[in-house]
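A.B. asks: The sequence isn't on hand, but the structure is:
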């Protein structure tokens, strides 16, 4: 299990695009920070992309975070909720 620190989050909504969000976060023990981009038409089923935030790091670390997101619904929901909390009204 990984320990995540959320640094920044944002989300917008439009009828055409649905919900589009992003969360910047760090992972304890990892050299580089991450960004997850989130998308959902209705705010229920979420697609995402995971990237290094500022510069590329070790591919193994990115894969470790990706695996954790796939297996740990609580972590994924935490990141989605951080973005939803910033939803521009």
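C.D. replies: Thanks, I have it. Just so you know, these numbers come straight off a predicted model, no measurement behind them.
A.B. asks: Just the mean pLDDT for stretch 3-13, thanks.
C.D. replies: Averaged across stretch 3-13, pLDDT comes to 96.
A.B. asks: Just the residues contacting that stretch, thanks.
C.D. replies: 19-28, 33, 38, 75, 78-79, 82-88 (CB atoms under 8 Å, 6 or more residues apart in numbering). The way it works is simple: take the backbone N, C-alpha and C, and place the C-beta from them, glycine included.
A.B. asks: If we use 6 Å, what do you get?
C.D. replies: Applying CB atoms under 6 Å, 6 or more residues apart in numbering, the contact partners of stretch 3-13 are 19-28, 82-84, 86-88.
A.B. asks: in this structure, which spans are helices?
C.D. replies: For the chain, applying DSSP state H gives helices covering 59-71, 73-84.
A.B. asks: Tell me the one of the contacts of stretch 3-13 nearest residue 62?
C.D. replies: residue 27 (9.9 Å; CB to CB).
A.B. asks: and that closest one, how many neighbours?
C.D. replies: Applying other CB atoms under 10 Å, we find 18 residues neighbouring residue 27.
A.B. asks: Quickly list what it is bridged to.
C.D. replies: Judged by DSSP bridges, the bridge partners of residue 27 are residue 4.
A.B. asks: Residue 12 versus that one, what's the distance?
C.D. replies: Per CB to CB, to the nearest Å, residue 27 is found 25 Å from residue 12.
A.B. asks: What residues are bridge-paired with the most centrally placed residue in the chain?
C.D. replies: By CA atoms, centre = their mean, the chain has its centre lying nearest to residue 36, at 3.1 Å. Under DSSP bridges, the beta-bridge partners of residue 36 are residue 23, residue 50.
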